[in-house]
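[1] need a 3D model of the following:
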Amino acid sequence: MLPLGFLDIASLDPARSAAFYEGVLGFTTTPGAHTRFHGGNIEGGFPDLRGGFAPVVEVLEPGDILPYFEPQDLEAALAKAVRHGGRILLQPVESAPGHWIAIVADPSGAKIALTRINRQEHQGFE
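    Presented below is the predicted three-dimensional model:
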């Protein structure tokens, strides 16, 4: 079983979303190009649907919750997703040095991200 690595909550206004989760759930947030949050054992971010990383935000809608998982073999995981009735919404794309992301929809349309991270190349981008 793959553990949840990260959670994105798609937003048209990341600052407003951050204020909501800070006020309601006590999250700590860090503004930036991809506003980040920390809430207990949950790490995540608020991708900006108006100005975020285009390949990803073009697949998301406001309010989408996108869990990120890191399989040992990204390509094999994508093939399994399709075999089990899923659809690939975003083929693997490099979102930061050494960080590849793909997005799939399960048979009911729920979206998940599958990632591959080369930890040596990705240092400093977390």
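
[2] what pLDDT, on average, does the strand of greatest length in the chain get?
    Across the chain, the longest stretch assigned as strand under DSSP state E is strand 87-96. On average, the pLDDT along strand 87-96 is 96.

[3] and it, what's buried?
    Neighbour-count burial for strand 87-96 flags 89-90, 92, 95 (criterion: 16 or more other C-beta atoms under 10 Å). (Glycine included, C-beta is placed from N, CA and C.)

[4] and Glu75, how close does it get to Ile42?
    Distance, Glu75 to Ile42, using C-beta to C-beta, to the nearest Å: 28 Å.

[5] likewise Gly52?
    From Gly52 to Ile42 the distance is 20 Å (C-beta to C-beta).

[6] go on, Asp8?
    11 Å.

[7] tell me which of those two has more neighbours.
    Asp8 (22 against 13; other C-beta atoms under 10 Å).

[8] next, the contact list for that one, please.
    Listed by C-beta atoms under 8 Å, 6 or more residues apart in numbering, the contact partners of Asp8 are 44-47, 60, 64-66, 68, 113.

[9] sec struct for it, please.
    Under DSSP: H, G, I helix; E, B strand; the rest coil, Asp8 falls in the strand class.

[10] which non-adjacent residue is nearest it?
    Leu66 (4.2 Å; C-beta to C-beta, 6 or more residues apart in numbering).

[11] what's the single longest helix in the protein?
    helix 14-25 (DSSP state H).

[12] who are the packing partners of that one?
    strand 28-30, strand 35-39, strand 42-46 (3 or more C-beta pairs under 8 Å, 6 or more residues apart in numbering; DSSP states H and E).

[13] who does the shortest one touch, helix- and strand-wise?
    Packed against strand 28-30 by the contact rule (3+ C-beta pairs under 8 Å, 6+ apart) you find helix 14-25, strand 35-39.
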